[in-house]
Structure formats: structure tokens, C-alpha cells
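Novice: got a predicted structure here, sequence first:
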Amino acid sequence: MYQRDYRNIAGGALLLLTGILIAWYASATLDFGTVRRMGPGMFPMSIGVILAVFGIALMIPAFFRAGDFEAIEWRAAIAVLAGVGAFALAIRPLGLVPAIILLLVVSSLAERRFRPVSLLVMCVTLPLAAYLIFRVGLGLPLAMARWPF
Amino acid sequence: MEIFGNLAGNVALGFDTALSASNLFYCFIGVLLGTVIGVIPGIGALAAISMLFPITFHLDPTSALIMLAGIWYGSTYGGSTAAILLNIPGTPSTAVTSLDGYPMSRQGRGGVALLMTTIASFIGGSIGILLMMLFAPVIATYALSFGSAEYFALMLLGLVAASTIADGSAIKGLAMVVLGIAFGTVGMDLYTGSQRFTFGMLQLSDGISLVALAMGLFGIAEIIASIRHVHAGHVDRKSVSLRSMKPTRDDMRRSVMPMARGASIGSFFGTLPGTGPSVAAFMAYAMEKRVARDKSRFGKGAIEGIMAPESANNAADQTSFIPTMTLGIPGSPTMALMLGALIIHGITPGPQLMTTQPSLFWGLVMSFWIGNVLLVLLNVPLIGLWVRLLLIPYHLLYPAVLMFICIGVFTVNNNAFDVWLVAFFGALGYLMRLLGFQPAPLLLGFVLGPLMEEHFRRAMLISRGDLMTFIDRPISGTVMAMTGLLLVWSAVGAYRGWQARRGERAAQRMAASARE
């Protein structure tokens, strides 16, 4: 437990910041129009203002009460997100099978324990399953492997 | 009445569509996948639907909806298995079932609990379907006279209800709705064609992909949070043999009324915007506890405590299709995905749907019956198989889920940008989880936001900029008043909670100073 409810202070602050950014961007780049004939900017502008107000409403009471903050799973978050990113990078130039293997290898780092055998088994079975489901079953035109060099 | 006269013809048309070989097949696949996903802890129904959503793009719209709907109500059936045997609710709507279901399996009556909840699910679902068949056409007839003001008011009510009734703080829920609406504004403005929030990126001019948003928020975020916390369980195999499933005469006698009450509560809450199966199950459980002669039996394996919520959540699953299909207003995030599926297939849900696409609507409704029968057939003999699924370790499960998410989202538009969006929304979803924000209202806001803006601007155009149009028109005015009441009610609730906490702290201080 902390003296203040940092979870809601952080949440409220982020909402406030996002709201201000949305409202500022809408007012800087988009036309407001009139109430009768609204331009593209009026609706996003109001959304930004409302969001900022909610942020303040969430933040203020949080300063006056205790709260907790759950531990962040840095390792899992980074490994999983990097795995998805690796897939996104590889799918176009290298094709499906290398992209899947990259995804599996990178995201397996999410766990403290490294399991070489089960990783190897998955690197064989999952691309095969993907081939059977997406290429054979659904008939999608997916390139299995490409050589960019 | 004309509507009821047409019913026979519609039912025939529906069965005709639903019983075609391909639709039967996709219905079976849907309920099978739904059950599997419902059983496996750590993947919710929403993650499941968003994961399998892209596959359905390659089907015709009727088959796609039949399959998605099968996943949805199938996961509710499957969720009760994990809830009863392991005390892990596979889906939130079955959380209540574990209160009495798990004690039953500890007493060696897990088989009875599984069989009886399957029956309760079937009966609850059937009553929900019957109500949908009778009332959806009536509501659609009324809805034909709705204008933009009414639609805007109804969607506002839906969003406010979804964020204030659902668990957690109302401010946080409302904030997530607004954030979802903000994400919905990305892309080209419908009226003027100007680019909004695209930051010069061509890929964003069609807006953010619903699939990428849903998969990131529900799939990726869930995986990150579960990797170190979900472990495979231990199940006593003997308690789920076919012989152990035979209920006693007393079980049967105690179950009839809770099933009926659960189905009525579930049907009612299913149609209300923003509530859905979880709220229905909680309400049904609370109701049983209230009417029971011996309240102390609850929580220790009372069969009423599993029959009522299971009947209620399946009834709600079915009736929640009513507002989605007749008004085009989804009451829950799952329905928002269904609506998204329809829109992607080029079909606008609304009161005209039943007249312009009768085979889609009635085919879908009739497939519910078929799916529910299939679920009973799947669940009772195959319980042993589902139990084995519960034992798959998570470190083999999550890489497969990640792979399906990535391939699924990539194949929608053959676009690697959408995979990056999944990573973005996965990070956002995990951040939201850490800060205690619910992702469901965000998804609802994202789907309803653009529709709301369109109706708001059209209403302003028609009323010449007079905001009173939302209050002057009787239906819209009533709905707006309901929305206002809901906001006041949740504000009062929040104030009371704050006062109670303050009182507690004061009492603690008093006690502490008294000790000294």
C-alpha cells in the first residue's frame, strides 16, 4: 500500500494529457464549422475536453487516499510485444514460416525458464498448422517463405 | 396479428438457411471452438471472437455470423466446466457458477453439476431464442419511425449503462468509452472528406482496424498478464465419468424453478444495453439467495446456485442479439464485434435488416437452436476431453494464440501495418490493466462513436442547430431522462462509497488512538 493512490493519479494524468493533446490537435488542424453544420473538428474537440475533465475527476480524489500498484510484468510485456513486432517486420520480406519462427523465439523469452525442446517442437508444429489452416483450409494466398537476397 | 402469421414462414426460411450443409458445418465449428476456448482458462470469449474474427471474413455473411455467434454462446457453456472443476471461471459470466459449482465438485458431485448446468444452459438459451423470435420483429417495426435524435439518445444510454453498471469505477468506465470514441474518429470524416488524426499515414485513412484494436486489447494484454500466473490444474477424473452425472430426484426438484427464474432474469438483462450475461448471472444468483428458505446452503454446493446463473447467462446471450440486430445498437462488447462483422460484410444492421435480409436474420436465429442442441450433444459425452484440455500448460498455449492473432490480423487486409497496431493496442491494453481500466467500454465506444457522431450531426442539421431536439421528441426525451437518472444514480453511489470509506478510516483512527 502507498500513502497516495498512485494508480489513479497516473491514470488520471494520462487521460488529462491525452485529452489536451486531442483537443489541441483538433483545434490546430481541423475546421470547427457551426453547431447547425458541424465541421470535422467539433466532435473530436469536445471528446478531448471531456476526456481531460474525466482525467481531473479521477486524479483529485486519488491524492487523498491510499492505494496499491500491482507489479509490472516487464519481461512478459516486452517479449510478447517484441515478438509481435518481429512478425510484422518479417511477414512481408521473408514470408510466413520465418515470421512465425521469429515470433515464437522472441516471445518465448517472456518466461524465465528457457525450454529448448518445447520451443523446437512448436517451431515445427505451429508453422505446419498455420499452413494447413490458412493455406490449405482457407485457401489464402500467403507466401510461406521468400528470399529477399 | 400479421407478425405472428408470418412467423411460421420465417421459421421455415430460417431452418432452410441454417440447415444448409455449409451453415450447419460452420455452426458446428463455431460451437466446438467456443467450447474449447471457454474451457481453457486465460482466454476470454472476447479474445476468442477477435482471434477468429478474420477467418470469418472469407465466408459469406450468414455463415460468418452463425459461426461467430456459435463461438459466443459456446464459450458460455465451456466456461462453466472450468468454473466447476477448477474454480477458474473461463469467462466472466460463469464466475458466479464457481461459487456453488466448485464446492459440488469437491463433494464428488462435479459430474452432476456439469450435466445440470448443460441442461440449465440449454433451457435458458431456448427461452431466450423464443423471446427473440417473438419480439425482434415487433421492436423492428417500432424502430422504423426512429430518427437520428432517437438513435443518438439510445446509443448514449447504451454507453452510459455499459460503463456505469459494469464492475469497477464509473468514471473510469466513462473515460474509456470516451477514449474509444476518440479512436473511432481516426480516419476520413464522412461529411467533408478531411483526414482526422491520421498524422499523414495513408494506412490510417480508413480508420483503425476493429480487429487489430480488439485483438490487442483483449488478446495480447491478456497473454502478457497471464504468462506467469496461469498454471494448469489438477482434476479428479473419477468425478466426471458418465455414471457420476446422474442427478438425484432431489436435484431435479430443486432445479426447475431456479431455471425458470434465471431464464426470465437473463432474458430481461440481455436486452438492456450495457448489461449482458455477467450482470444477468449475478442478478439471478442474488435472486435465488433471496427467495431460498435456507440461505446458508449457498456457497457450499447448492444446486440452485448453479442452475439459475447458468440459465440466466445463456438466455442473456441470446436476447442480447435483439437490440443489435433490430436497432444496430450493440449492448455489449461482443455484440459490438458482431456489429463490426456485419458492417465489414457490407450489411447495415437496423430495423430494415429483417425485411431486406430475411434469410440472414432468421437463419441466424434458427442456427441458435441447432447450436444449442449441438452443445448438449458435445458437452455431455465429451466431458472427459474437455477435462484434458484444462490440463494443457500455458507455456504451450500462449505461443499458439499469439500466432493465430498475428496471422489473423495480417490476412484481413494483407497489411503488416495492422500487426503493428495490434502491438500498440496490446501495450495500451496492458497499461490499462495496470491502471485498473476496463477494455470493454473502450471497444463499445470505438464501435458506437462514429455512428453517434453521424446521428448527432444529422440531428443538428435537421433541427437547425437546436440541441433541444434530443429532449423535445418524446422517445428521445425519455431515453435521455433515463441516461440522466443513471448518471445521478452512479454519482450518488460513488459519493456513498467515499463516505463509507471515510467513516471506516475515522473509526480506525479512533481505535488506534484508543489503544494508545
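Specialist: Looks like it came in fine. Predicted, not measured: the structure shown is a model, and the values here were computed from it.
Novice: what does the stretch 1-150 of chain B put close to chain A?
Specialist: Neighbours of chain A within the stretch 1-150 of chain B, by CB under 8 Å from any CB of the partner chain: B:55, B:58. To be clear about C-beta, it is placed using only N, CA and C from the backbone, and glycine gets the same treatment.
Novice: the stretch 251-400 of chain B now?
Specialist: Neighbours of chain A within the stretch 251-400 of chain B, by CB under 8 Å from any CB: B:395-396, B:398-400.
Novice: closest to residue B:416 among those residues?
Specialist: Nearest to residue B:416 among those: residue B:399, at 19.8 Å, using CB to CB.
Novice: tell me what the host helix or strand of that closest one is packed against?
Specialist: Residue B:399 belongs to helix B:394-413 when elements are defined using DSSP states H and E. When contacts are defined as 3 or more CB pairs under 8 Å, 6 or more residues apart in numbering or on different chains; DSSP states H and E, helix B:394-413 sits against helix A:74-94, helix A:96-107, helix A:116-130, helix B:45-52, helix B:210-214, helix B:221-226, helix B:416-434.
Novice: buried ones in that helix?
Specialist: B:394-395, B:397-413 (16 or more other CB atoms under 10 Å in any protein chain shown).
Novice: need the longest helix for chain A.
Specialist: Ranked by residue count under DSSP state H, the longest helix found in chain A is helix A:6-29.
Novice: next SSE downstream of it?
Specialist: Under the assignment DSSP H and E, the closest C-terminal helix or strand after helix A:6-29 is helix A:42-62.
Novice: now that following helix: average pLDDT?
Specialist: The average of the pLDDT scores along helix A:42-62 is 92.
Novice: from the chain's centroid, how far away is the longest helix of chain A?
Specialist: How far helix A:6-29 lies from its chain's middle: 18 Å, per CA atoms, centre = their mean, to the nearest Å.
Novice: what sits against residue B:345?
Specialist: Neighbouring residues of residue B:345 by CB atoms under 8 Å, 6 or more residues apart in numbering or on different chains: B:57, B:61, B:64.
Novice: let me know the pLDDT of it.
Specialist: Confidence at residue B:345, expressed as pLDDT, is 83.
Novice: separation between it and residue B:333?
Specialist: Using CB to CB, to the nearest Å, residue B:345 is found at 19 Å from residue B:333.
Novice: center of the chain - which residue?
Specialist: Let's take chain A. Central residue of chain A (CA atoms, centre = their mean): residue A:81, 7.6 Å from the mean position.
Novice: correction: the question concerned chain B.
Specialist: residue B:334 (4.3 Å).
Novice: check what pLDDT that residue gets.
Specialist: Per-residue pLDDT puts residue B:334 at 82.
Novice: just the residues of the stretch 251-400 of chain B next to chain A now: which is nearest chain A?
Specialist: Of all those, chain A sits closest to residue B:399, with 5.1 Å by CB to the nearest CB.
Novice: where does pLDDT dip in the stretch 301-450 of chain B?
Specialist: Scanning the stretch 301-450 of chain B for pLDDT under 70 picks out nothing.
Novice: show me where it has helices.
Specialist: Using DSSP state H, counting those that start in this stretch, the helices of the stretch 301-450 of chain B run over B:304-319, B:321-327, B:333-344, B:353-356, B:358-379, B:383-389, B:394-413, B:416-434, B:439-462.
Novice: quick one: low-confidence residue ranges for the chain.
Specialist: Chain wasn't specified; assuming chain A. A:1, A:149.
Novice: right idea, wrong chain: chain B
Specialist: For chain B, the stretches with pLDDT under 70 are B:1-5, B:41-44, B:88-92, B:165-168, B:230-242, B:274-275, B:514-516.
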